[in-house]
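1. Please find the sequence and the predicted model below.
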Amino acid sequence: EFRRFSLERSKPGKFEEFYGLLQHVHKIPNVDVLVGYTDIHGDLLPINNDDNYHKAVSMANPLLRIFIQRKEDADYSAFGTDTMTRKKNVLSNVLRPDNHKKKPHIVISMPQDFRPVSSIIDVDILPETHRRVRLYKYGTDKPLGFYIRDGSSVRVTPHGLEKVPGIFISRLVPGGLAQSTGLLAVNDEVLEVNGIEVSGKSLDQVTDMMIANSRNLIITVRPANQRNNVVRNSRTSGSSGQSTGSSLPSSTPNLLGSLLQGEEESDEEDIIIEDSGEPQQIPKAAPTSESIESLSQIELLHESTQNGFLPSSEMNSSHSAGSISMEYEGPDPGQKALEEDGTIITL
Amino acid sequence: QTVEHGFPHQPSALGYSPFLRLMAIGTRSGAIKLYGAPGVEFMGLHEENNTVMQIHFIPDQCQLVTLLDDNSLHLWSLKQHGGASELREEHRFTLKGPPGSPPSATQITAVLAHSSREVLYLGTESGNIFVVEVPSLRVLEDRSIPSEAVLQRIPEDNCNRRSCELVEALREHPKNPDLILIGYSRGLIVLWDLQNNKVTHHFLGSQQLENLYWQRDGSKFISCHYDGSYTQWPVSSDNRQPEPLENTVPYGPFPCKAISKIYWQTTKNGLPYIIFQGGMPRASYGDRHSISVIHGSQQTAFDFTSWVIDFFIIFSSEPAAEFDDPSAMVVLAEEELVVIDLKTPGWPAVHPPYLASLHCSAITCSHHVSNIPLKLWERIISAGSKQNIHYSTMPWPIDGGTNIAPDPPQRDLLLTGHEDGTVRFWDASGVCLHLLYKLSTVRVFLTDADPNDNMNTLGEDEWPPLRKVGTFDPYSDDPRLGIQKIYLCKYSGYLAVAGTAGQVLVMELNDEDAEHVVDHAEADLLQDQEGYRWKGHEKLKTRDGPVRFEAGFQPFVLVQCQPPAVVTSLALHSEWKLVAFGTSHGFGLFDHQQKRLVFVKCTLHPSDQLALEGPLSRVKSLKKSLRQSFRRIRRSRVSSRKRRGGAGNASEVQEANAKFDQDALQEMELAPVQRKIEARSAEDSFTGFVRTLYFADTFLRDSSRHCPSLWAGTNGGTVYAFCLRVPPAERRMDEPVRAEQAKEIQLMHRAPVVGILVLDGRSTPLPEPLEVAHDLSKSPDMQGSHQLLVVSEEQFKVFTLPKVSSKLKLKLTALEGCRVRKVTVANFGSCKTDDYSENDLAVLTNLGDIQIISLPFLKLQIRYPCIRKEDVSGIASCVFTKYGQGFYLISPSEFERFSLSTKWLVEPRCIVDMPEVTSNNHVHNKSGVENAARKSRFFSYSFIERKSGRLMEHALLNDEKVLKEIQSTLEGGR
């Protein structure tokens, strides 16, 4: 059944209201449904909270196509970012789920909440042989889970090939964050940690740098396996390449620098407990630049993030968690654009 | 780096110049250090880093020659440069044999610096004696004394070829420089006439020879032997083959150990001093390191706690003097320098002004206090002088050179805590680190060892007449006594020390002996935490009833932490009369005026089992120290073995070591070193470990009222702030001190908090307690807002007060991969003007770098590599002073001093002048030597002058074969 109705773009309202509206226009007041929409890349994305609802409305151009499925016979596999190759199948997947019955799917519950786990960033400014990976360490439920070692790597220098000492990933802990991202592998050479080159630093120094940055670790590696590299400027490279290219005004060498500046302010908020006994986040004394992304305390609701590089930062801002109340200011729009690029990835 | 304090690590050789009155010590790492009058010090380092085997001063010159264990000779000289003398290496030289000869042919065993000052005689393992010109270090081939030449001139029935193997000793005749006495290892001694190249006398010893010494008039000499005997020999013109006058085994009749060195000193009253090293009965006293002094009926065997490296006697060096009249004996043992006054009856020891044995018990912590008020300084000195009455009053006998360094600008104290429960107070103002006073905390406790039990209580008729000397005693009776933290208030004279078994003692300076009861309080840091069992050491038992304390710092209260874990942090506020202490379980505050515990706070994380159950460090300590002592004994035995006996072994050992290294390397390649990358969590071990405590009078609650506060930082990145209410002075005894927790900050990066500091309204660190009262500091600015600086191992963070909000930070580890090990506020003054100074943070990182970080903006000013990053104990031992200097241990026995300040620099600056040569009976001989030198030529023997790394230009080499040989040696050397 198709329905067409209009919403005021500037005042979309809350998700619950929208959900009620949908139930109303379809006359299914007591049926649980899943709501999804297609974004500009043709990916079917869910609408299940205020943030992604607002995002979806802002994406309407001018039409926003929304799909509604009954929860009990929903095909979850249709959701999520994927390569362009699946784009044309999105509709058919949704409308005629029988087509895909050949392959039994692992049923993964619908994601209720989102947060980034890892991402490849700065694809446009790095050589194709390098990969800059950001790991979002969150709470203590999952270890970072990797080891590094000393080794030697061969470099091309004006004097020919030279063997130089390097730092390599030596082991991934099964079930750890590093392994679950699929972006890091044993024998990848570590080139930078949060923008600082590791050449000339000892294993212990690099270890300390990584641990010091463990809440927001950005490591630049040269993957041992060079076949999965992101290919730049290619239409077939998936949504990440495209959006990165479109939103960056120019290749900015200080991109990471500015990014780090942002992290610097946000990555760790010390907790202070005043004599009243109520813990609170330590506010900024002089907020010069505010967080481009706030990592708040959210329960990780589902473990299955194997491919779950979730596209936009808006999906995960402003969650309050536990007894800790946190103060955030709105993200700076300029930095938001960068951030958006930063977290999009496909393999 | 400015100067090294303490006793050189692993000394290996000793030399003395009676002319310069300077002493030289060589070490196994190739360092050479010269000492004269206090403040006169020089240091040199051989590039090879090989063991220095022998040191010989060139008579009447500012020059000395060192022999290393790679058989190389090095000539050093003291030259004036820029107004001060400097020690420099001038030449180096390795004796080379003819092609194809075994290395032993040129292995130098004895060196004689001839009084002509122009040649060195080098005795070798082959029995040949080579002559080397000084200062060029060229071999004078035609003047060498081959063993064959000696053999030819001796009746054949008395000796065979082997008699002339290995030159053991070379001694110049005291009156006639043309005669030298040559002692060969198998007992043959010959007197050689240099002018006529002939043997004038020969002496047939039956025992293996160890050393020789001339009587002053040259009519007799004495030889000492491997079997523990010594023999006197007459030298007369009529008898060419004299018989021994007297042969004595001083500690016979049972087999004795070798006497390795002997002195024979004449005196006016006719009774000579005979002083020798070793000779103890092999079975019962073979393990003693002794030097015996015999003077008439007096005989004492000085018993050293470590192996005796070498010794010398200071006697009248006046050539005209008829007698030696020895005044002092200087003994270099492996772990300390002992000087014995031979003039005062009873032969007391002389208190050395330098070369203090810092490690007489292992150093466990150190604390530096700058700018001590004169009053306190004098009281400490007077307390110390009462402890030193058994020392000789003789002025320091080694007094060469002149100290021209300016007087130290202020009085500084360095306090070292030791494993045996003592605290030593050192005068650290100048170049000489001098022991002022020693404090022992042992008396408060009951220990197994009886303090009166020592070696000195041997009976009168005991034989051998051993007397223990020296202070080196590394064996701790009870490791729990070890001192871990020290805090001295220089204004009030209050001292707090805390130890390994959770004991905290507060002391007061008393100029008189006193007997009193030490009050005792317990602080249960676990509070109501239940179900934990401490598996570590027990607390120390205290003595009941009054205890007698000598003048000095006397404890009046003991706070015992429960569980008795090692005290990890300590702070004393002498104005509020409060002491705070922390362990791995929590921290507490004690009011030492009312002698009442104010509060305790448990910092343990419930899951931290390790911290609860006991310490990792000290459980096995006793076992460990026993093992170490055995190892030490074994090692000293090995090293005291005859050096040449080890020559063959050494190469084997080296080979084995090399093989081992290679194996280890291969193994390493198989299993590379890995490091786990994991974020720190609250459940990590030892998060509750209290790292730092700090008292501050600041705005903790609101910005209108300031109050006393106590701050504590833990290993898990938590900072606790307590608001204190200290009653005013007039009601101080009546009202209790109250404390209330005001704030708790959890740093998200959870790195250990190593420093907490409050900056006043002018961004200046708050002054120390009583500093303002003594007019030594401006009172802090209480108008502007205060700031809190928290230094963790990874970050520096400035927060506002009273509302804690972060203002600034420097993420050191994230940027550089280094971690903060030590941090202190240092005041840097300008060396140009007196009215400018600034406060900065002096930081030592785990990489051994020192960084200066500005306050309050946290900008890195300079970075300087200081300690090798592998030198973990050096980094751990570092202390900064308040004025930008610092100390760290470069060995268990030596502090290196460094300065970050241009204004405060303590380094040796001294001049050694050539004293006037009063009379020279060698002058007549000089021309003869010169003639001989001119005649010298180079033949098939060759040597390499390595200084310039090229062939000698003036080597007249016609023989192509030899040229090739030299060439190949050179290339091989490279």
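-> Alright, I've got the coordinates.
2. Provide the secondary structure category for the closest residue to chain B within chain A.
-> The nearest approach of chain A to chain B comes at A:Gln205, 3.0 Å away (CB to the nearest CB). Where C-beta positions appear, they are placed from N, C-alpha and C, glycine not excepted. Under DSSP: H, G, I helix; E, B strand; the rest coil, A:Gln205 falls in the helix class.
3. residues contacting it?
-> A:198, B:816-818, B:847 (CB atoms under 8 Å, 6 or more residues apart in numbering or on different chains).
4. tell me the mean pLDDT for stretch B:600-619?
-> For stretch B:600-619, mean pLDDT is 64.
5. Sorry, wrong one. I was asking about stretch B:302-314.
-> 93.
6. Can you tell me how far the residue in the stretch 1-150 of chain B that chain A sits nearest to is from B:Ser704?
-> Nearest to chain A, among the residues of the stretch 1-150 of chain B, is B:Gln1, at 23.1 Å (CB to the nearest CB). Separation of B:Gln1 from B:Ser704 (CB to CB, to the nearest Å): 49 Å.
7. And these two? Which one has more around it.
-> Counted by other CB atoms under 10 Å in any protein chain shown, B:Gln1 and B:Ser704 do not tie: B:Gln1 has more neighbours, with 12 against 7.
8. Would you agree the more buried one is in contact with B:Glu896?
-> Yes. B:Gln1 is within contact range of B:Glu896, at 5.7 Å (criterion: CB atoms under 8 Å).
9. and the residue of chain B nearest chain A?
-> For chain B, CB to the nearest CB, closest residue to chain A: B:Gly817, 3.0 Å.
10. How about that residue, nearest residue that isn't a chain neighbour?
-> Nearest-residue entry for B:Gly817: A:Gln205, 3.0 Å, with adjacent residues in sequence omitted and distances by CB to CB, 6 or more residues apart in numbering or on different chains.
11. on that earlier part again, separation between the residue of the stretch 1-150 of chain B closest to chain A and B:Lys882?
-> 19 Å.
12. same deal with B:Leu342?
-> 44 Å.
13. And B:Gly688, by the same measure?
-> 30 Å.
14. The two: which is more packed in?
-> Per other CB under 10 Å, whichever of B:Gly688 and B:Lys882 has more neighbours is B:Gly688, with 25 against 19.
15. now the strands for the stretch 351-500 of chain B?
-> B:363-369, B:402-403, B:413-418, B:422-427, B:434-440, B:445-446, B:466-469, B:483-488, B:495-499 (DSSP state E, counting those that start in this stretch).
16. and residue 124, how many neighbours does it have?
-> I went with chain A, as the question did not name one. Should you count by other CB under 10 Å, A:Asp124 turns out to have 17 residues around it.
17. switch to chain B, that's the one I care about
-> So B:Thr124, with other CB under 10 Å, has 23 neighbours.
18. how about it, what does it touch?
-> Neighbours of B:Thr124 in contact, by CB under 8 Å, 6+ apart: B:95, B:104-109, B:130, B:166-167.
19. Dump the residues you listed into CSV; add neighbour count as well.
-> Converted to CSV, the contacts of B:Thr124 look like this (neighbours: other CB atoms under 10 Å in any protein chain shown):
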residue, neighbour count
B:Leu95, 22
B:Ser104, 17
B:Ala105, 17
B:Thr106, 21
B:Gln107, 17
B:Ile108, 22
B:Thr109, 23
B:Phe130, 23
B:Leu166, 22
B:Val167, 27
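20. Hmm, which of those residues is lowest in pLDDT?
-> Out of the contacts of B:Thr124, that is B:Ser104, at 78.
21. could you list every residue that touches the residue nearest to B:Ser763 when sequence neighbours are not counted?
-> Distances taken as CB to CB, 6+ apart place B:Pro856 nearest to B:Ser763, at 4.1 Å, with adjacent residues excluded. Neighbour list for B:Pro856: B:759, B:763, B:787, B:789, B:798, B:808 [criterion: CB under 8 Å, 6+ apart].
22. export the residues you listed to TSV and tack on secondary structure and neighbour count?
-> Below are the contacts of B:Pro856 laid out as TSV (DSSP: H, G, I helix; E, B strand; the rest coil; neighbours: other CB atoms under 10 Å in any protein chain shown):
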residue	secondary structure	neighbour count
B:Leu759	strand	25
B:Ser763	coil	16
B:Gln787	strand	21
B:Leu789	strand	23
B:Val798	strand	21
B:Leu808	strand	17
